[in-house]
Every structure is written in structure tokens, then in C-alpha cells.
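Enquirer: here are the coordinates; sequence isn't available:
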């Protein structure tokens, strides 16, 4: 694996997604750049008693191709099904033949912000109605947040570094950044990294309703999530998974891999401010982006596009806008900034990886996905948010932002692959 930390270059060679806009890259990308929306009235349970009755659900999902047997599938919570399927799809997209590679040098970091909430809910009901002796022996392995990562490594014999990140909505970006560091450090040559989440269950929706964090635009679900728009009233819950294949450059070249782009920087900071609110002026997010630029040896002017965290919350979107202006100065006015959460909702611990896939595809195809439902400008959100219509743009470098409850910030910097 040779070479120093700084010398090793890390590239993206595979992408896999499970989203409300589709479970193949092609369908996801086609729907995303067409400005379609995956938000509808909740169908998985009766949402009538809840203040928020809408979400971005993954529908018509068949995870079985990624699983060795129907029995294994039954023993897996929905969030881990999403994660394992996205990792399997990323493996296919990468073109890697694992039988020809050293599996001890291949690792997995697939995180989750909340883990197996559906299993927790179901088993708690069993406990109340039938007693402790009727709980499933698989309850704990199904609900713990590391199981998408652990099970994917078991199914495919991957014996390199393996764990899960858990940092709320920054989870998947932290997974990607830590995978990047792992390869830079020489501890692996290939990493599957991302996040998975499945919280569209009554207790999940109810908990976020109690926080008054979500949109209550129930009569107009397609226009409910509206990042940076003045009339935004909260985020819309999404579900799904994203997994990115990161690979040491020389290893990728030896196997003739298609290289989407090069990951060059990672920022990881804390607000140290509040349970849920961003730090004033987006100070923690600004430090995070600066760290990613510094690690990537990028000047602010090198960045063409920012995939914003852009949740459609009143405070969050303003703080991120302020952070971008603090870091990029006058160049902030020339940046394309967009959020895909209007289309797919907020996937919490999976958001960063699905948004990383969107950013990579934007660079690869030369098209920036739009911020849909941007109708009424907010004087405090005054950047170019690529409103409503995708835009052709040659991207030199991009930043992908994710910020989570608890004050967790994670930014990934990537650029067009050269040489």
C-alpha cells in the first residue's frame, strides 16, 4: 500500500443509492435533474393523528438481490436493508471483482443516525403485549446502528477497517471522511462508506413533531420542503441510503477502474453551542468548510459548486448561507449552491452520502441539480441556489456539507480527477 499520508490520492470509483426518487443511479439522477419530488402523504401507517403527515418514502423497494438468502433478509431492519443494498449497488457500479482483490485491505463504514427504529418499535410492542420471553433473539443485532456495515462485510468477506459513524445528520459525511483518512493512512486500499436511515415510523415522526422541526404543509406535500425559500417551515423526513466506493488511486488504476473524481479534503468540527440550533453566524460550519479546503489544498476560488445541507429549516438555512459567505467572501456570489432536500426530504444519517452521490454525478455529467420549490426569496438567504431548474456547469471542485443535531459538522471536498 506504500507512500506517505500526503502522497496517497483517494478517488471515487463507485456509487450506490436507495432514495425516494429511485433505487438505481440512473433513475435517481434522471428524476433529480428533472426537478421531480418524492414527498407524499405517508403510506406506511395512518398519519392522521400527527401534526406532520407527509414524508419522502422509499416505495417498491426489493432488497433481495443484495442478500444471500430470504432468511437473512428477514433478520435485517429496514435501515440496514437500505444500507446493504446501496453498498451492493456501489460494488456493482465500481466494477470491482472482489475475488481478484485482497479483501483484508477493503473496509466498510456505513453509519446511521438512529438505527433500527422500526425493530425497536415492533419489539417494544411485543414486550408490552406478550412479555419478555417473546422478544426476538435477533432484536439487538437488528436495531444496533453498526449492522449495515457489519453485515455487508460478512456477506462479501471484507476484512479491513469496519465500523459505523453516528453523528445525527452528519453521519454519512463523517463516514466518507473517515474512510478517506483510512485510505490516506495506508490502512486500506478500498472503502465502502456512507449512511442508512429508516425512521418513517410513528415514534420517529411523532418525536420530530414534538420538536416542531418538520413542515406541516400536509395539503401540499410536493412543495413542503423548500430550502432557502422565505416560506420554509421545517424539514420533511426522508429515508434511504447512500454508499460511496473510495479507492487508493494506484489500486484503482491497476484494476482499470472508472474514476468519477478525487476526494481531496475533509472537515470535521463541533459547534459546541446547542442541542439542535446551529452556532451563531454558522461559525462551526464555516470552520468545517475551511478545514476541508485546507486539507484539500484548495483555494476558495477553486470551488465551483456547494451541495448545501439546506434542510428547509428557518435557522439552519440562514446559518449555512452566512457560513458560505464567511468562507468564500466575494466568490460566494459566483458559486452554484443547491440543496436536493426539496426532492428527497431529509434522510438524516443517510443524507450526506446520497448528496455526495448527487455531487459526484453533477461533476461527472456537468449538470447541477436544482433547489426545487424555491419561489419566494429570503433576504437572509441571498446566494445562487440554482432555483427549480438544473443547470449545465463544468465543476472543477465541490464541497458537500452535512450538519447534525449535537453540533456536528462534516464537509467533504472533491475535485475533477486529473492524471
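Expert: Looks like it arrived, so ask away. Predicted model only: the values in this text are computed from it and were never measured.

Enquirer: from here on, contacts and neighbour counts on C-alpha atoms
Expert: Fine.

Enquirer: quick one: the strands in the protein?
Expert: 10-18, 40-41, 54-55, 106-111, 162-163, 190-197, 240-248, 261-270, 305-307, 336-338, 367-368, 391-392, 397-404, 408-415 (DSSP state E).

Enquirer: tabulate those strands in a markdown table, adding columns for distance to residue 131, mean pLDDT and mean neighbour count.
Expert: Below are the strands of the chain laid out as a markdown table (distance: least, C-alpha to C-alpha, whole Å; pLDDT from 0 to 100; neighbours: other C-alpha atoms under 10 Å):
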| stretch | distance to residue 131 | mean pLDDT | mean neighbour count |
| --- | --- | --- | --- |
| strand 10-18 | 35 | 98 | 28 |
| strand 40-41 | 34 | 98 | 19 |
| strand 54-55 | 33 | 98 | 30 |
| strand 106-111 | 31 | 98 | 31 |
| strand 162-163 | 33 | 98 | 19 |
| strand 190-197 | 28 | 98 | 35 |
| strand 240-248 | 32 | 98 | 32 |
| strand 261-270 | 42 | 97 | 23 |
| strand 305-307 | 48 | 98 | 25 |
| strand 336-338 | 49 | 98 | 26 |
| strand 367-368 | 53 | 98 | 22 |
| strand 391-392 | 57 | 98 | 14 |
| strand 397-404 | 36 | 97 | 27 |
| strand 408-415 | 38 | 98 | 29 |
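
Enquirer: could you dump these into JSON lines with distance to residue 79 added?
Expert: JSON lines is the format used below for these (distance: least, C-alpha to C-alpha, whole Å):
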{"stretch": "strand 10-18", "distance to residue 79": "10"}
{"stretch": "strand 40-41", "distance to residue 79": "20"}
{"stretch": "strand 54-55", "distance to residue 79": "16"}
{"stretch": "strand 106-111", "distance to residue 79": "10"}
{"stretch": "strand 162-163", "distance to residue 79": "16"}
{"stretch": "strand 190-197", "distance to residue 79": "5"}
{"stretch": "strand 240-248", "distance to residue 79": "7"}
{"stretch": "strand 261-270", "distance to residue 79": "25"}
{"stretch": "strand 305-307", "distance to residue 79": "24"}
{"stretch": "strand 336-338", "distance to residue 79": "26"}
{"stretch": "strand 367-368", "distance to residue 79": "28"}
{"stretch": "strand 391-392", "distance to residue 79": "33"}
{"stretch": "strand 397-404", "distance to residue 79": "18"}
{"stretch": "strand 408-415", "distance to residue 79": "21"}
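
Enquirer: nearest to residue 375, out of these?
Expert: Closest to residue 375 of those, according to C-alpha to C-alpha: strand 336-338, at 14.0 Å.

Enquirer: hmm, who's touching that closest one?
Expert: Strand 336-338 is contacted from outside by 304-308, 310, 368-371, 383-387, using C-alpha atoms under 8 Å, 6 or more residues apart in numbering.

Enquirer: so what's the gap between it and the chain middle?
Expert: Centroid separation between strand 336-338 and its chain, computed with C-alpha atoms, centre = their mean, to the nearest Å, is 17 Å.

Enquirer: now swap in stretch 80-98 and tell me
Expert: Offset of stretch 80-98 from its chain centre (C-alpha atoms, centre = their mean): 15 Å.
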